[in-house]
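Participant: sequence first, then the predicted structure, then my questions.
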Amino acid sequence: MISSRALAILFGSLSAICTASFAQAVQSGKTPGYVASPTCISCHRTAGEDWSSSHHARAWNEPTEGSVRGNFDDAVFTHKGVVSRFTKGAGGFAIETVGPDGLSRPFAVVGTVGTAPLQQYLVETEPGRQQALDLAWDTGRGGWYNLYPDQTLPHSDGLHWSGPYKNWNARCAECHATGYEKRYSPQSRKYASIQAEKSIGCEACHGPGAAHVAWARSGKRLDKTAWDGVNERGFTIHFEREKAGVEIQQCAGCHARREPLGDTSPLPGTPFADAYRLALLRDGLYHPDGQIRDEVYVYGSFLQSKMYARGVRCTDCHNAHSGALKAKGNAVCTQCHSPAGNPDFPSLKKIRYEDPKHHFHESGSTGAQCKSCHMIERVYMGIDGRRDHSFRVPRPDLSAAIGTPNACTDCHKDKPAAWAAAEISQRFPDTGSGPAHYAMAFSAARQGQTDPAIADALIETALSSAQPGIVRATALDLLRRYATPEIAGQTAGLLRDPDPLVRAAAILPQRAAPANIRIERIGPLLQDARRSVRIAAAHGLLDVLAARSSPMLASAAHRALGEYQRSLAAKADFPETQLAIAGTALVFKNYRAAEAAFVEAARLDPQRADAWAMIARLRAALGDVQGAVQALGDGLAANPNDPNLAKILQDLGPPKRRK
């Protein structure tokens, strides 16, 4: 395995110094402590009543008669030949099923997750390591079901319920807890996770409450010198009407498909780009036009919307404490989209949308619901419907051209996209007019098409201030496939874009620029205001920094490398992170560290055939042909039909006997 010490050696002694300085800064701070939700509710009773029945309050609970909704009365569920039994007794609730060793045994239930439309259960496979089972309880219809009904996974598969991708400590707990700390040790491969409170309590959004309690108990006076980073009421975050982004980014921390940069819950009020790296509109996650495909939650969709651009925030539609919509049916939309309008959003057209002349469906019908046309729904986890929050106009013409979904044929399943496109064109003649939709270029780039016009279209999208930041960043991400020094020059200005998502993505095409120009352009971002951008800049200059060819960047580079190092160490239990560590080690020509990281990636997820291949190549290059053959044998045992591993083995030939 590659340890945190090995990471420090990999990045150099100055990175270790940065780490020590960072730790000292954290220890010297006076951040308020957590007081737990009951303390908050003792004063804020109405908000507490709303919260107590919310999904947030039930996101993670102890298993009790009151919290467990599944049938544990010796119920049996069989999936693909695996028999699981659900029981309860004096020792609590238990699930007997096939575990990480391939043997069936009972596992004590240590937590419940969610309440509707399904409930999952947590078990420990070893002390401290909690895993979320693939078996869930359908709370609406009643009955056990498997979240992945088409999968048949052996216990050795990384995607097995006991594997790293279903690990609660690393993948899920932060967004189901308040004040969470993962506390994973790469050396022992053990977890010692803690949290201030299970479930999403008051302080998960409002910040730790000790300073606020002191303010309230002292007659609403606060000695701000006793705390770091708090406002006049003792909070680390302040929600203001004129600053919608503060609220949106706080919600986005959990309601987004993102990669954490640390291993603890960021302090509420921390900008999103300082705590996470947002997933762009990538293939497999989103359709080429930005519609949701995989389970991407809400933030990436909402960033694409005109509502976000106009300052609409989550609590304009949702009750902040219950999570419920503020009105029923179309009323949640017509609080703004109506002849009366809304003074908070003066740019709105004051017309009647809830009218057959607009929606062309019978009033009160499903087709007349705003969400039916503007928020398509997709089902995840088998039964959980989630709606796209980009609030887009249906574009069946794009469906006909590149196969993206559209709301019209979602309902009219017997009709082709061309029919829907003709209907939309007739009823709304202006729809689809104007410049070509970026989806056309995104679709072509995803398919690997090489027409220079595709690169031109991507550049145009990236440079367009009319496009949402996540769309522009995605265009830059796709552009790296076409990058040339000329394209790097055309997009260099975006390294100074106001949106940190765009600035970070603009680093990618710069890989095509000569090293000296790349340093000149990317170097300033090593001191960017946002951590995700600084880390991206450090990664974008790794080869230059590894060659130690830029003394002028030394100070900023070492700080950014320290942050990059810590972001990797925080996710050392992720197979994909081990691959990133290995790639970094290769840049620094530390082949032993690279091999160790590839080995750890393959241990965590034996189906990572690319990791096995790199282990073999590295060992062969270092003269250990027998070790390379052994790695290929292990890799083929886990991936028996992988052609690349078989070819490498064939190329190596039989191992030579040692003298």
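Facilitator: That came through, no problem.
Participant: relative to residue 345, how far out is residue 212?
Facilitator: 31 Å (CB to CB, to the nearest Å). Every C-beta, even on glycine, is put in place using the N, C-alpha and C of the backbone.
Participant: any idea of the pLDDT on residue 615?
Facilitator: Among the per-residue scores, residue 615 holds a pLDDT of 98.
Participant: against residue 588, how distant is it?
Facilitator: Applying CB to CB to residue 615 and residue 588 gives a distance of 18 Å.
Participant: now the strands for the stretch 151-300 of the chain?
Facilitator: 177-181, 184-185, 190-191, 194-198, 258-260, 276-278 (DSSP state E, counting those that start in this stretch).
Participant: closest to residue 582 out of those strands?
Facilitator: strand 258-260 (17.2 Å; CB to CB).
Participant: residues contacting that closest one, please?
Facilitator: Residues from elsewhere that reach strand 258-260, judged by CB atoms under 8 Å, 6 or more residues apart in numbering: 174, 252, 272, 275-279, 299, 570-571.
Participant: switch those over to TSV; also include distance to residue 286.
Facilitator: As requested, those are arranged in TSV below (distance: CB to CB, whole Å):
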residue	distance to residue 286
174	23
252	16
272	18
275	22
276	17
277	16
278	12
279	9
299	12
570	26
571	23
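Participant: of all those, which two lie farthest apart?
Facilitator: For the contacts of strand 258-260, and using CB to CB, no pair is farther apart than 299 and 570, which are 20.7 Å apart.
Participant: beyond the worst-scoring helix or strand of the chain on mean pLDDT, next helix or strand please.
Facilitator: Scoring the helices and strands of the chain by mean pLDDT, DSSP states H and E places helix 13-28 at the bottom, with a mean of 34. Sequence order places helix 37-41 as the next helix or strand after helix 13-28, per DSSP states H and E.
Participant: list the buried ones in the helix or strand following that next one?
Facilitator: Beyond helix 37-41 on the C-terminal side, the first helix or strand identified by DSSP H and E is helix 45-52. Of the residues in helix 45-52, 47-48, 50-51 count as buried by neighbour count, 16 or more other CB atoms under 10 Å.
Participant: and helix 45-52, what does it pack onto?
Facilitator: Applying 3 or more CB pairs under 8 Å, 6 or more residues apart in numbering; DSSP states H and E, one finds that helix 45-52 contacts helix 37-41, helix 202-206.
Participant: and the average pLDDT for it is what?
Facilitator: Here helix 45-52 scores 98 as its mean pLDDT.
Participant: give me the contact list for it.
Facilitator: With CB under 8 Å, 6+ apart as the test, helix 45-52 has contacts from 37, 40-41, 57, 202, 319-322.
Participant: most neighbours, which of the residues you listed?
Facilitator: Each of the contacts of helix 45-52 was scored by neighbours using other CB atoms under 10 Å; the highest score is residue 202's, at 26 neighbours.
Participant: give me the nearest residue to that one, chain neighbours excluded.
Facilitator: In space, and not counting its chain neighbours, residue 202 is closest to residue 40: 4.0 Å by CB to CB, 6 or more residues apart in numbering.
Participant: also residue 583?
Facilitator: Residue 583 sits nearest to residue 594 (CB to CB, 6+ apart), 7.7 Å away.
Participant: quick one: contacts for the one you found?
Facilitator: Neighbours of residue 594 in contact, by CB under 8 Å, 6+ apart: 582-583, 585-586, 614, 618.
Participant: pull the most distant pair out of the residues you listed.
Facilitator: Taking CB to CB as the measure, the contacts of residue 594 span a maximum distance of 12.2 Å, between 583 and 618.
Participant: go through stretch 380-393 and flag the buried ones.
Facilitator: 381, 383, 386-392.
Participant: what sits up against that stretch?
Facilitator: Counting by CB under 8 Å, 6+ apart, stretch 380-393 makes contact with 117-118, 136, 138, 140, 145-147, 149, 289-292, 295, 297-298, 301-302, 304-307, 371, 374-379, 431, all of which sit outside it.
Participant: and the buried ones among those, selectable in ChimeraX?
Facilitator: Only the buried entries of the contacts of stretch 380-393 go into this ChimeraX selection, using 16+ other CB under 10 Å:
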select :117,118,136,138,145,146,147,289,290,291,292,297,298,301,302,304,305,307,371,374,375,376,378
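Participant: tabulate the contacts of residue 594 (TSV), appending secondary structure, neighbour count and distance to residue 599.
Facilitator: Supplementary listing: the contacts of residue 594 in TSV, determined by DSSP: H, G, I helix; E, B strand; the rest coil; neighbours: other CB atoms under 10 Å; distance: CB to CB, whole Å:
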residue	secondary structure	neighbour count	distance to residue 599
582	helix	26	9
583	helix	15	14
585	helix	25	12
586	helix	19	14
614	helix	24	10
618	helix	23	10
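Participant: distance to residue 219 added to those residues, as JSON lines?
Facilitator: Below are those laid out as JSON lines (distance: CB to CB, whole Å):
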{"residue": "582", "distance to residue 219": "58"}
{"residue": "583", "distance to residue 219": "57"}
{"residue": "585", "distance to residue 219": "58"}
{"residue": "586", "distance to residue 219": "61"}
{"residue": "614", "distance to residue 219": "64"}
{"residue": "618", "distance to residue 219": "66"}
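Participant: for these, which one is nearest residue 487?
Facilitator: Of the contacts of residue 594, the one sitting nearest to residue 487 (CB to CB) turns out to be residue 583, at 23.4 Å.
Participant: how much space separates the closest one from residue 260?
Facilitator: 19 Å.
Participant: is residue 198 in a bridge, and if so with what?
Facilitator: When assigned by DSSP bridges, residue 198 has beta-bridge partners residue 177.
Participant: doesn't residue 112 belong to a strand?
Facilitator: Yes: assigned with DSSP: H, G, I helix; E, B strand; the rest coil, residue 112 falls within a strand.
Participant: list the contacts of it.
Facilitator: Going by CB under 8 Å, 6+ apart, residue 112 touches 58, 60-63, 67-69, 119-122.
Participant: what's the closest of the contacts of helix 45-52 to residue 426?
Facilitator: Nearest member of these to residue 426, counting by CB to CB, is residue 319, at 39.8 Å.
Participant: where along the stretch 351-500 of the chain do the strands fall?
Facilitator: Secondary structure of the stretch 351-500 of the chain (DSSP E, counting those that start in this stretch): strands at 377-380, 384-387.
Participant: quick one: mean pLDDT for the first one?
Facilitator: Just to be clear, that refers to strand 377-380. 97.
Participant: using CSV, list the CA coordinates for that strand.
Facilitator: The C-alpha coordinates for strand 377-380 follow below in CSV (Å, rounded to 0.1, in the frame of the first residue of the first chain):
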residue,chain,number,x,y,z
GLU,A,377,-38.1,12.4,-13.9
ARG,A,378,-35.7,9.5,-13.8
VAL,A,379,-35.8,6.6,-11.3
TYR,A,380,-32.7,5.6,-9.3
